[in-house]
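> quick one, structure for this:
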Amino acid sequence: AVDRQDLDQLFLAELAAHGAAAVEKLAEALAAMHALPFFHADVKGFHAFPTGVERAAGGAASYRLRWIDLGRVSFWMSPRKRVINLYQALRFILPRDPQMQGRFVDRYCAAAEWSRPERVLKKVRRFLDYKLRTQSDVR
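Prediction:
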């Protein structure tokens, strides 16, 4: 059976209960999606439904993501597409907290076997800053 919570609902509940561990599980889920390879051009929590939710005793839930709004999906991945999805997660799902953003990108890079997470974070934050300056926030 599919859990009917969207990603926003699950993530906020997990964040309240488990803090930074929830951020890491979100990063792992996004890295697993990219490993398929699957690119969703509009990463927002209400476009995803967690499936296969597993809760370890006392820990944050692990899950996979089932996506809706598939109009701009592609099945090949590039570093640029990864950065776009990371930026979207920082903008639309995670709270605007620099420590949390850093932890998210660090865990994503580890799960995706990407080196130099500090460089990735710098690039993603630059993209986020640009988008926030040039577009209205849709949060």
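> quick check: longest helix in the chain by residues?
Assignment by DSSP state H gives helix 117-134 as the longest helix of the chain.
> for that one, list every residue counted as buried.
117, 120-121, 123-125, 127-128 (16 or more other CB atoms under 10 Å). (Each C-beta comes from the backbone N, C-alpha and C, glycine too.)
> what does the pLDDT read for Gly19?
We have a pLDDT of 94 for Gly19.
> oh, and call the first residue 30 from now on, that's how I've got it
Done: numbering now begins at 30, and the last item shifts to Gly48.
> what's the spacing between it and Gly87?
When distance is defined by CB to CB, to the nearest Å, Gly48 is 12 Å away from Gly87.
> work out which residue lies at the spatial centre of the protein.
Residue closest to the average C-alpha location in the chain (CA atoms, centre = their mean): Ala118, at 4.4 Å.
> hmm, Val52 and that residue touching each other?
No. Ala118 lies out of contact with Val52 (CB atoms under 8 Å); the separation is 9.7 Å.
> what do those two both touch?
Common neighbours of Ala118 and Val52, counting by CB atoms under 8 Å, 6 or more residues apart in numbering, are Phe133.
> per-residue pLDDT, Pro124?
On the pLDDT scale, Pro124 gets 93.
> in which helix or strand would I find it?
In the assignment (DSSP states H and E), Pro124 maps to no helix and no strand.
> next: the one 5 residues further on.
Assessed by DSSP H and E, Met129 sits inside helix 127-141.
> please compute how far that helix lies from its chain's middle.
In terms of CA atoms, centre = their mean, to the nearest Å, the centre of helix 127-141 is set 10 Å apart from its chain centre.
> and if you look at stretch 114-121?
Remark: stretch 114-121 is offset 6 Å from the chain centroid, using CA atoms, centre = their mean.
> quick one: mean pLDDT for it?
96.
> for it, C-alpha coordinates in PDB please.
What follows is stretch 114-121, C-alpha atoms only, in PDB (Å, rounded to 0.1, in the frame of the first residue of the first chain):
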ATOM      1  CA  ASN A 114      17.500  19.200  -8.500                       C
ATOM      2  CA  LEU A 115      19.700  20.000  -5.500                       C
ATOM      3  CA  TYR A 116      18.800  23.700  -5.900                       C
ATOM      4  CA  GLN A 117      15.100  22.800  -6.100                       C
ATOM      5  CA  ALA A 118      15.300  20.700  -2.900                       C
ATOM      6  CA  LEU A 119      17.000  23.600  -1.100                       C
ATOM      7  CA  ARG A 120      14.500  26.100  -2.300                       C
ATOM      8  CA  PHE A 121      11.200  24.200  -2.100                       C
END
